[in-house]
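Engineer: task: produce atomic coordinates for the following.
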Amino acid sequence: MDVVAGPVLWLLFRLIDLYTWVVIIGVIMSWLISFNVINLSNQFVRMLHDVTMRLTEPVLGPIRRMLPNLGGVDISPVILILLLYFAKDVIARLALRVG
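Structural biologist: As a prediction, this is how the structure comes out:
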């Protein structure tokens with residue numbers, strides 16, 4: 001593999017992994033807020049919730065609009081995580097084919 005392509009692919013895979021964890025943290029925080037385990041009156045919780053929402057909502061919003069109404073169940077984070085894993089696999093296979 002090329003000297004530059006290897007580290008670029010490594011960085012891209014780590015960014016996808018990091019974004020996956022941001023999505024998971026956002027889901028867990030929304031559950032904890034919904035069940036009143038933590039509340040947004042805490043400044044750190046509010047800041048962390050705001051950051052995760054700003055990072056995930058631009059991607060989750062269009063996915064939610066495409067999905068049918070399932071009542072109170074939101075499966076858009078699951079769809080997003082599956083798409084992220086799919087993207088990693090496609091990138092890895094393309095890198096193997098090219099390099």
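Engineer: quick check: Ser29 vs Met53, distance?
Structural biologist: In this structure residue 29 is Met, not Ser. 9 Å (Cβ to Cβ, to the nearest Å). For the C-beta atoms, the positions are set from N, CA and C on the backbone; glycine is no exception.
Engineer: averaged pLDDT, stretch 72-92. What do you get?
Structural biologist: Mean pLDDT, computed over stretch 72-92, is 95.
Engineer: contacts for it?
Structural biologist: Stretch 72-92 has contacts (Cβ atoms under 8 Å, 6 or more residues apart in numbering) with 9, 12-13, 16, 19-20, 23-24, 26-27, 56, 59-60, 63-64, 67.
Engineer: apply 10 Å and report the result again.
Structural biologist: For stretch 72-92, the surrounding residues in contact (Cβ atoms under 10 Å, 6 or more residues apart in numbering) are 9, 12-13, 16-17, 19-21, 23-24, 26-27, 30, 34, 56, 59-67.
Engineer: report the longest helix in this structure, please.
Structural biologist: helix 5-34 (DSSP state H).
Engineer: could you list the buried residues of that one?
Structural biologist: Judged by neighbour count using 16 or more other Cβ atoms under 10 Å, the buried positions of helix 5-34 are 9, 19-20, 23, 25-27, 29-30.
Engineer: now stretch 65-74
Structural biologist: When burial is assessed from 16+ other Cβ under 10 Å, stretch 65-74 yields no buried residues.
Engineer: just give the number of residues close to Leu80.
Structural biologist: By the criterion of other Cβ atoms under 10 Å, Leu80 has 19 neighbours.
Engineer: list phi and psi for it.
Structural biologist: As for Leu80, its main-chain torsions (degrees, to the nearest 10) stand at phi -60, psi -40.
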